[in-house]
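Participant: fold the stuff below for me.
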Amino acid sequence: MLPISAAALAALGQAVRRPVRAEWSNDNGRTWTRAVFGSGTVTPDRTADCRYSAAVELLNAPRGASGVNAITTRVRLFQGLGIPRRDVEWIPAGVYVIDRLRRTRLGVSLDLLGLEDVVRGDEFPVARTVGPDTAQACAALLYGEALPGQAVAWRPGVTPSTQVPAFVVDQDRWAALSGGGDSSGTSTGIAPALGGETWCDARGIPTFGPVPSVTDPVVWRIPLGLAVAEPAQEENTETLRNLWSVTGDAGDGAAPVGPVYVWDDDPASLTYAGPDPVGDPGAPGRLGLPVRVRTGRYTSPLITSAAQAEDVGRAQLADSLGVQASLSFTSVANPALEAGDVVEVEVTEGVWERHLVDSCPYTLGGVSQTCQTRTGTRKVA
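Facilitator: Prediction:
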């Protein structure tokens, strides 16, 4: 969750003021000009290439080369929380480039995408080799060329000092950072090879962090009076994988790493893959266990050790378990909530449920919020 004071968090369900601040810059964020905010929405979504996107209307905004334009302009947004007898607390709501600009009678209407869009668009004109070096150095190079002067943040759970072997990037800079695949189907990307993911956060800072899991610490407990939680009536297992086979193969003639196997080994989980689905696949039948194994495979030339392969497997497992559901926050919006946070919601009186937030869009200045989330897969006693 983004930084927010305990007082502001506790006051979300009360009648707090929710002002909005919008600013624009034409010099890559060195200086910012205040804009008159009209209306808009922000969509944090960890399943999208751009973690933050937005649609806003700015009033009386100057246009052209020295004003708001679709080529050089960046926009940053803040959602304020005004608590009585305290200064307004400003929560960052994203730093953006303009994807589409439309003139309106009162100003400009903008479709905005996070700074990942700059990295996605900055493809290499010719193939190049990245590394060998640390993950931190490679990431700084790839991000820094697209976003000059922007430092890269590393959250606990990923290791920036991990050595990355030399690898060839055909043209896609973003795939080299966040993950993709080459023509042979081999996975690429520094972040997934560390068992993590990368994005630009609400302040526009390129960030590496671990893949979130529904077992992560809860950042916000929402009692029944602040939220109405409605788990989805539909359950989708299309992306479910409860066994991962991870291999590292640089394709240079050296011995490959793995395969290393990671599976859901929790007997209390609905997606339990059995005690040893690789070495003893017949065990569930002998033990009378209702086990269904769905296998995923991941191969990357950037995986250089069995320990790294296991980290990657656990990250893939965390991202492929869980039942898709939805939560409706009908009475309160928390602008500090980040996609990837784990919340605990009182769904009925005395019954609390964990949810991993995949997306949490909200209307700037509004008081309600609807989140797409993933629930746990533990059996109900």
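
Participant: show which residues not belonging to stretch 169-176 make contact with it.
Facilitator: 49, 116, 119-120, 122-125, 127-130, 142, 145-146, 167, 180-182, 188-190 (Cβ atoms under 8 Å, 6 or more residues apart in numbering). Backbone N, C-alpha and C define where each C-beta goes, glycine included.

Participant: how far does that stretch sit from its chain's centre?
Facilitator: 19 Å (Cα atoms, centre = their mean, to the nearest Å).

Participant: tell me which residues of that stretch come out buried.
Facilitator: Of the residues in stretch 169-176, those scored as buried under the neighbour-count criterion (16 or more other Cβ atoms under 10 Å) are 169, 172, 173, 174, 175, 176.

Participant: got the residues you listed as JSON lines, with secondary structure and pLDDT columns?
Facilitator: As requested, these are exported to JSON lines (DSSP: H, G, I helix; E, B strand; the rest coil; pLDDT from 0 to 100):
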{"residue": "169", "secondary structure": "strand", "pLDDT": "86"}
{"residue": "172", "secondary structure": "coil", "pLDDT": "90"}
{"residue": "173", "secondary structure": "helix", "pLDDT": "93"}
{"residue": "174", "secondary structure": "helix", "pLDDT": "94"}
{"residue": "175", "secondary structure": "helix", "pLDDT": "91"}
{"residue": "176", "secondary structure": "helix", "pLDDT": "92"}
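
Participant: report the two of these separated the most.
Facilitator: The largest distance within the buried residues of stretch 169-176, taken as Cβ to Cβ, falls between 169 and 174 and amounts to 10.1 Å.

Participant: ok, back up a step: which ChimeraX command selects the buried ones in the contacts of stretch 169-176?
Facilitator: Only the buried members of the contacts of stretch 169-176 end up in this ChimeraX selection, burial being decided by 16+ other Cβ under 10 Å:
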select :116,119,120,130,142,146,167,180,188,189,190
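
Participant: and residue 12, how many neighbours does it have?
Facilitator: Counted with other Cβ atoms under 10 Å, residues neighbouring residue 12 total 22.

Participant: who's in contact with it?
Facilitator: For residue 12, the contacting residues are 81, 226, 332, 333, 334, by Cβ under 8 Å, 6+ apart.

Participant: which one of those residues is nearest to residue 92?
Facilitator: Proximity of these to residue 92 was ranked by Cβ to Cβ; the top entry is residue 81 with 12.4 Å.

Participant: phi, psi for the residue lying closest to residue 313 once chain neighbours are set aside please.
Facilitator: The spatially closest residue to residue 313, leaving aside those adjacent along the chain, is residue 262, at 3.1 Å (Cβ to Cβ, 6 or more residues apart in numbering). Here is the backbone geometry of residue 262 (degrees, to the nearest 10): phi -130, psi 130.

Participant: what's near enough to touch residue 262?
Facilitator: For residue 262, the contact set (Cβ under 8 Å, 6+ apart) comprises 243, 244, 246, 310, 313, 314, 316, 317.

Participant: before we move on, back to that, filter the contacts of stretch 169-176 down to the ones in helices?
Facilitator: Using DSSP state H, the members of the contacts of stretch 169-176 that fall in helices are 116, 119, 120, 142, 145, 146, 190.

Participant: is it true that residue 23 touches residue 37?
Facilitator: No: look at residue 23 against residue 37 with Cβ atoms under 8 Å: they stay out of range, at 9.6 Å.

Participant: any chance you could map the strands in the stretch 101-250 of the chain?
Facilitator: For the stretch 101-250 of the chain, applying DSSP state E, counting those that start in this stretch gives strands covering 107-114, 128-130, 133-134, 153-154, 163-164, 167-169, 180-181, 187-188, 196-200, 206-210, 220-222, 243-248.

Participant: identify, out of those strands, the most deeply packed stretch.
Facilitator: Mean neighbours per residue, mean count of other Cβ atoms under 10 Å, is largest over those for strand 196-200, with a mean of 25.

Participant: quick check, pLDDT for the spatially closest residue to residue 179 that is not a sequence neighbour.
Facilitator: Beyond its immediate neighbours in the sequence, the residue positioned closest to residue 179 (Cβ to Cβ, 6+ apart) is residue 189, lying 3.2 Å away. As predicted, residue 189 sits at a pLDDT of 89.

Participant: ok, residue 294 next?
Facilitator: Reported pLDDT at residue 294 in the predicted model: 88.

Participant: could you find the closest non-adjacent residue to it?
Facilitator: residue 241 (5.2 Å).

Participant: can you pull the phi/psi pair for the one you found?
Facilitator: Here residue 241 shows phi and psi, under degrees, to the nearest 10, equal to phi -140, psi 120.

Participant: from residue 191, how far out is it?
Facilitator: Between residue 241 and residue 191 the distance is 19 Å, computed by Cβ to Cβ, to the nearest Å.

Participant: residue 171 too?
Facilitator: Relative to residue 191, residue 171 is positioned 18 Å away (criterion: Cβ to Cβ).

Participant: do the same with residue 144
Facilitator: Summarising the geometry, the distance separating residue 144 from residue 191, computed by Cβ to Cβ, is 16 Å.

Participant: so the two - more neighbours on which side?
Facilitator: More neighbours sit around residue 191 than around the other of residue 144 and residue 191, counting by other Cβ under 10 Å; the figures are 24 against 14.
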